[in-house]
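[1] Coordinates for the following, if possible.
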Amino acid sequence: MNKQEIKGKSKSRRGRVNEARGVLTEDPKLERHGAQQRAEGTLETFVGEMRRRLGEMIERLGTAIKT
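    Next up, the predicted model:
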């Protein structure tokens, strides 16, 4: 897991908490903000995972070329 994935998961969790707080306090603005944070975090986690997987594929390709 790389830094971007960790940062994305953290943002997603914060968003989920804010969204729940918005529901409980009946604050639609906080609820929307939380939903947006959660979506951004999910996207950042996905991008981080794809970057990591691409890096791993390039490493395997380099190893395969050397042999």
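[2] Pick out the residue nearest the middle of this structure.
    Central residue of the chain (Cα atoms, centre = their mean): residue 45, 2.4 Å from the mean position.
[3] got the contact list for that one?
    Taking Cβ atoms under 8 Å, 6 or more residues apart in numbering, we find residue 45 in contact with 4-5, 8-9, 12. For glycine as for every other residue, the C-beta is placed from the backbone atoms N, C-alpha and C.
[4] Buried ones in the biggest helix by length in the chain, by neighbour count?
    Secondary structure assigned by DSSP state H gives helix 28-66 as the longest helix of the chain. Neighbour-count burial for helix 28-66 flags 30-31, 33-34, 37-38, 41, 44-45, 48 (criterion: 16 or more other Cβ atoms under 10 Å).
[5] Distance of residue 46 relative to residue 5?
    9 Å (Cβ to Cβ, to the nearest Å).
[6] and the gap between residue 42 and residue 67?
    When distance is defined by Cβ to Cβ, residue 42 is 38 Å away from residue 67.
[7] picking that back up, what's the per-residue pLDDT of the residue nearest to the centre of the chain here?
    Per-residue pLDDT puts residue 45 at 97.
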